[in-house]
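Q: got a predicted structure here, sequence first:
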Amino acid sequence: MKFDPNQHLHLGYYENNVDVEAVAYKLEHTNQWVVFLDHEQGTTVVKRILDQYDLHEKYGYKIFTVEADELSYDVGSKLLEEWLKANNII
C-alpha cells in the first residue's frame, strides 16, 4: 500500500463515555481511503475484537476502506460510528 503523503484524515467517536480515534489514509492514484485504528488505542472494549484485523506496524489495525475521492471528517466519523455499532462496541 502506498499512501498519498498529502492526504490523511483524523476521525473520532466521542459519545457515551467512549473515546475512539482512527486515521484514514488515501491510497495514491485511487479513490480509496484505508482507515486504521491505532494499536495503542486505550479502549479495552475495542481491543477485544482487534485480533480479527490486519495489524500494520506503522499505521495500526486496518478496520475498513472507503471508496471516495474526498473524505470529510463528518462522513468518515459516521462510518467509524457504524463500524463501532457493527462490532457491538457501542
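A: On my side now, so go ahead.
Q: so who does Leu71 touch?
A: For Leu71, the contact set (C-beta atoms under 8 Å, 6 or more residues apart in numbering) comprises Leu9, Ala24, Lys26, Trp33. All C-beta spots, glycine's among them, are computed from the backbone N, C-alpha and C.
Q: scratch that, Asp38 is what I was asking about
A: Glu21, Ala22, Val23, Gly60, Tyr61.
Q: right, and Trp33 touches Val66 too?
A: Yes. Counting by C-beta atoms under 8 Å, Trp33 does reach Val66; the two are 4.4 Å apart.
Q: which of these two has more neighbours?
A: Comparing Trp33 with Val66 by other C-beta atoms under 10 Å, the one with more neighbours is Trp33, at 26 against 16.
Q: partner residues bridging that one?
A: When assigned by DSSP bridges, Trp33 has beta-bridge partners Lys26, Val66.
Q: after the least confident helix or strand in the chain by mean pLDDT comes which helix or strand?
A: Across the helices and strands of the chain, mean confidence by mean pLDDT, DSSP states H and E is lowest for helix 44-47: a mean of 65. Proceeding N to C from helix 44-47, the next assigned helix or strand is strand 54-56, under DSSP states H and E.
Q: and the strands in the chain, which stretches?
A: 3-13, 20-27, 32-37, 54-56, 60-67 (DSSP state E).
Q: coming back round to it: please enumerate the shared neighbours of Trp33 and Val66.
A: Joint contacts of Trp33 and Val66 (C-beta under 8 Å, 6+ apart) are Ala24, Gly76.
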